[in-house]
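Participant: Next input, structure requested:
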Amino acid sequence: MDSLKLYFLLICVSAIYGVSETKDDPRWSKLPEECGKTRYNKKSSRIIGGSAAKLGQFPWIARLGIHSHPMRPISFFCGGTIISRYYVISAAHCEEKTTLVRVGENIVSSVIDCDNSRVCSPPHQDILVKRHIFADFCATTFYNDLSIIELERPIQFNEFVQPACLPRHTVTLDQLLNQPVQISGWGTMSSIREMLPDNLMYINNAVIERDECNVVSRTEVLESQICAGVRGLVRGNGSCFGDSGGPLTKYLPLKGEDRGHLIGVVSNGYAICEFGPTLYTNVSHYMDWILDNIKYK
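Facilitator: Numbers count the residues shown, from 1 in each chain. Down below sits the predicted model:
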């Protein structure tokens, strides 16, 4: 390990969290049993360089915004993932400035979103934030880049607004390596000039070795982090500004069917985000912390 990496590790280390492996752990009762389901079969679905998401394809995605004055528009800057009616998971580096969470949106410019078959979703829901909970985030290393946002009132679930499942066991690199994962968000489609999409976008990427993310991290990439995307500083498809805190999802078996699980949270990437891989917080390593910090189903 070089001296610069050792310096940052001395400043800030990763907290040791864990995952509850016990299926009958009563803390799981605080999360909904119905999760990870969409209007589409996962096999029928196909930021930068991404595809437009279908209506209801990612019903768990949320937008984090600041609403400073009733006469001013909401400023959205980060993403998040619904895990229950009262809680959204995001990245700690999005900080405490979020005052409002929006769910149920697909097309930004539309009040009511409809698809080509004239199926329309209910209006989006804007819900005020009650409090932020942080996982001992270290800004110098991006270790523990995870937060829980508690809402003032419950999300109303419908066909287009649903929670993602959370992993019931530790998801290791060996289980994920070279496996496809999905990233979704409304982040900019170019780091050179601001090109914000009107439609929710998504991409399919592959998980790669953690040390491949050394090009975007000044410190050692830990087991509590996931690296996904291209190898090296080459052009590829990935998350960008505005996607922070958003979901990295994978379909995993639960109760006899494959369901969408939140396995990662968009954390850190190369400054020119058309290039290089992206670093994600490995959610499974924080499940004990998550279960200890949520109160309501």
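Participant: Next up, the contacts around Cys114.
Facilitator: For Cys114, the contact set (C-beta atoms under 8 Å, 6 or more residues apart in numbering) comprises 55, 120-121. C-betas here are computed from N, CA, C, even on glycine.
Participant: Make CSV out of the residues you listed and add distance to Tyr251.
Facilitator: Shown next, in CSV, are those (distance: C-beta to C-beta, whole Å):
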residue, distance to Tyr251
Leu55, 19
Cys120, 26
Ser121, 22
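Participant: Name the nearest of those residues relative to Pro253.
Facilitator: Each of these was scored against Pro253 by C-beta to C-beta, and Leu55 proved nearest at 25.9 Å.
Participant: biggest strand in the chain by residues?
Facilitator: strand 257-269 (DSSP state E).
Participant: Can I get that one in PDB? Just the C-alpha atoms.
Facilitator: The C-alpha trace of strand 257-269 is given here as PDB (Å, rounded to 0.1, in the frame of the first residue of the first chain):
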ATOM      1  CA  GLU A 257     -39.200 -16.200  -7.500                       C
ATOM      2  CA  ASP A 258     -36.600 -13.700  -8.700                       C
ATOM      3  CA  ARG A 259     -37.100 -10.200  -7.200                       C
ATOM      4  CA  GLY A 260     -35.300  -6.900  -7.600                       C
ATOM      5  CA  HIS A 261     -32.800  -6.500  -4.700                       C
ATOM      6  CA  LEU A 262     -30.900  -3.400  -3.800                       C
ATOM      7  CA  ILE A 263     -27.300  -4.600  -3.700                       C
ATOM      8  CA  GLY A 264     -25.500  -1.300  -4.100                       C
ATOM      9  CA  VAL A 265     -25.800   2.500  -3.800                       C
ATOM     10  CA  VAL A 266     -24.100   4.800  -6.300                       C
ATOM     11  CA  SER A 267     -21.100   6.200  -4.400                       C
ATOM     12  CA  ASN A 268     -18.100   7.500  -6.400                       C
ATOM     13  CA  GLY A 269     -16.700   7.600 -10.000                       C
END
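Participant: who's Ile66 bridged to?
Facilitator: Ser75 (DSSP bridges).
Participant: Glu96 is in contact with that one, correct?
Facilitator: No - checked against C-beta atoms under 8 Å, the pair Ile66 and Glu96 is beyond contact range at 10.7 Å.
Participant: Identify each of the helices in the stretch 1-150 of the chain and give its residue range.
Facilitator: 3-11 (DSSP state H, counting those that start in this stretch).
Participant: where along it do the strands fall?
Facilitator: Along the stretch 1-150 of the chain, counting by DSSP state E, counting those that start in this stretch, strands occupy 51-52, 61-66, 75-82, 87-90, 100-103, 125-134, 147-151.
Participant: Just put the ones you listed in a markdown table and tack on mean pLDDT.
Facilitator: Shown next, in a markdown table, are these (pLDDT from 0 to 100):
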| stretch | mean pLDDT |
| --- | --- |
| strand 51-52 | 86 |
| strand 61-66 | 96 |
| strand 75-82 | 93 |
| strand 87-90 | 98 |
| strand 100-103 | 97 |
| strand 125-134 | 96 |
| strand 147-151 | 97 |
